[in-house]
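Asker: For reference, the sequence and a predicted model appear below.
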Amino acid sequence: MDGGNRMFSGWEVRLRLAAVTLWLIGLLFMDRLPLLLLISLLLLAMIAADQGMQMQSVLRQLRGVSPFILLMLITLSLSGGLPLQKTAVLFALLICLRVIAAVLLVIVLLGGSAADDFLRSLAVLPLPPVYLSLLFLVNRYIHMLTREFSLTRQALRARLYTPSIRPAALKSMGYAVGGMFIRGYDLSEQVYDAMRSRCYAGVIPFDEMTRPQMADWLKLAAAVLLLASALYLGKGV
Amino acid sequence: MTECMEIKNLSYRYPDGTLALDGLSLTIPLPSRTFILGSNGCGKSTLLRHLNGLIVPEAGSVTIAGRQLTKKTANSIRQNVGLLFDNPDTQIFSPSVAADVRFGPVNLRLKPEEISRRVEEALRTVELRELAEKSPYNLSLGQKKRCAIAGVLAMEPRILLLDEPFSGLDAAALRQFLHTLSSLYDTGVTQIVSTHDVDLAYEWAEYVVIMERGRVKACGGRELMRDADLMSEAGLDLPLLVRLFQGMGQIPDSLEQARQWIDPNIRRE
Ligand SMILES: Nc1ncnc2c1ncn2[C@@H]1O[C@H](COP(=O)(O)OP(=O)(O)OP(=O)(O)O)[C@@H](O)[C@H]1O
Ligand SMILES: [Mg+2]
């Protein structure tokens, strides 16, 4: 492997899954705002420093969930009615910070882009192979559909399409989206054919496993230790 | 009896009603270097999809080295019959070049070391090693084609079905690919190639199949490609060499041979 910092992305996936699961449970018991804020910032900094993870895609994922978090923040803050009550706002902040920390943890779990490796490692857990193959296919399919979407957008732009609510614009948008879905359907058939032509027979053998190294276990130990101290700090006065 | 691939009375209609193959019969010797020629839409790709078992024969039969292709045998036959799709975009689906090349060997349930060796070797053959971790969607067309080729080569099939394998390759990549095909051929790997490049076919083919509207119009040695009437009826151009030497009594088999013939003549003058 290259020598760069791969704190999370280089971490053996099963142990990473174990650590993240423990932390996700631990989060539920943390109810101090500064502590949660600190954890979130720390996670973000560590993700940013990890050269195996693309900050751009991390930010994109965060941006994707931000509307929901915002919505939650507003509704929870208003749960005590107007005028805003301090306890309600604090509670809303607490929940939102927990969610943000959880999202960051899941990002750590996926470790950037290697969803394939992730699935492959899950294969050793007692999960039925068909279920894993399904996850694998869905992952591939979403990947290709996203690409199809951006290609369609480019094709529209190349012919000077600008989004607007004029009926004509809406109509061509409708055609484009319709075409995209038809292509998406074709695509799923194509992927299936491409896989079959290379001997895919319903189940993907995820057998190229890597064994966890000493460093992976050490990372798990560190994660557990950190979690224990965070929980302890949270309880302390 | 020498081995062969036998196609009998094969017909296929696409769901939308297009009759793509119309009672096609053909025997391809194994091993051989076979080129399938024919105009757009005559059914070349559809035929190749049958030979890899992507489409299981509904009417007619395909028998490969004595084993008939059915739904049951398709997957095991496929282990020895690799198919390169005409459009690399429809063949490639993985997040990285290396992952896509690895897909086939993993399905063959090979040992991890063997998988790595094959991926490495296939990527070296198509000279894509530097781009191994790149997303295949962000490759140029020729690079995608090379990625798709690597994905098939890594499975090391005994029979290679290549649907327009040369389009999009630059001169160096084409030379390298032809070189690879040559050495594979020397180890007994059959190649069945569909192409529109009559010049390449004329130089490389050992066995030529000319298709027209879902049927075999003619098959035989490359001398078929010297038949002006046959070629034009099938909507094909004559190879350059044939056009050049037409009416001169003899037609050379290759550029090399043509040069040997011409050289002394030029010196004589
Ligand atoms: N998925 C499909 N659905 C319906 N008809 C199809 C489909 N694919 C191909 N066809 C039709 O089947 C016929 C044979 O197509 P095929 O792709 O086999 O031709 P080809 O000889 O490979 O042509 P080309 O030289 O253009 O690659 C054509 O008339 C085509 O329109
Ligand atoms: Mg074709």
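Answerer: Arrived safely, thanks for sending. Worth saying up front: this structure is predicted, and the values here are computed from it rather than measured. Numbers count the residues shown, from 1 in each chain, chains lettered A, B, ... in the order given. Ligands and ions are numbered 1, 2, ... in the order given.

Asker: So the closest residue to A:Leu233 other than its chain neighbours versus chain B, what's the distance?
Answerer: Ranked by C-beta to C-beta, 6 or more residues apart in numbering or on different chains and with sequence neighbours excluded, the top spatial neighbour of A:Leu233 is A:Leu35, at 6.2 Å. (Each C-beta comes from the backbone N, C-alpha and C, glycine too.) As defined by C-beta to the nearest C-beta, to the nearest Å, A:Leu35 lies at a distance of 36 Å from chain B.

Asker: How about the contacts made by A:Leu35?
Answerer: A:Ala230, A:Leu233, A:Gly234 (C-beta atoms under 8 Å, 6 or more residues apart in numbering or on different chains).

Asker: With A:Met214 instead?
Answerer: Per C-beta under 8 Å, 6+ apart, neighbours of A:Met214: none.

Asker: Which SSE is immediately downstream of the helix or strand harbouring B:Ser76?
Answerer: Assigned by DSSP states H and E, B:Ser76 belongs to helix B:71-78. Next helix or strand after helix B:71-78 toward the C-terminus (DSSP H and E): strand B:81-84.

Asker: could you say what helices and strands the following helix or strand past that next one packs with?
Answerer: Once strand B:81-84 ends, the next helix or strand along the chain (criterion: DSSP H and E) is helix B:88-91. If you count contacts as 3 or more C-beta pairs under 8 Å, 6 or more residues apart in numbering or on different chains; DSSP states H and E, helix B:88-91 packs onto helix A:167-197, helix B:141-153.

Asker: averaging pLDDT over each of the ones you listed, which comes out lowest?
Answerer: Per-stretch mean pLDDT for these is lowest at helix A:167-197 (a mean of 74).

Asker: List the buried residues for that one?
Answerer: Using 16 or more other C-beta atoms under 10 Å in any protein chain shown as the test for burial, helix A:167-197 gives A:Met173, A:Ala176, A:Met180, A:Arg183, A:Leu187, A:Gln190, A:Val191, A:Asp193, A:Ala194, A:Met195, A:Arg196, A:Ser197.

Asker: what's the distance between B:Gly168 and chain A?
Answerer: According to C-beta to the nearest C-beta, B:Gly168 stands 18 Å off from chain A.

Asker: lowest-pLDDT helix or strand in chain A?
Answerer: The least trusted helix or strand in chain A, going by mean pLDDT, DSSP states H and E, turns out to be helix A:115-122, with a mean of 60.

Asker: Pretty sure A:Leu93 sits against A:Leu33.
Answerer: Yes. Between A:Leu93 and A:Leu33 a contact is recorded at 6.1 Å, counting by C-beta atoms under 8 Å.

Asker: More neighbours: which of those two?
Answerer: A:Leu93 (16 against 12; other C-beta atoms under 10 Å in any protein chain shown).

Asker: and that one, what does it touch?
Answerer: A:Leu33, A:Leu73.

Asker: excluding its backbone neighbours, what's nearest B:Gln79?
Answerer: Going by C-beta to C-beta, 6+ apart, B:Gln79 has A:Cys199 as its nearest residue, at 5.7 Å.

Asker: Give me the secondary structure label for that neighbour.
Answerer: Three-state call for A:Cys199 (DSSP: H, G, I helix; E, B strand; the rest coil): coil.
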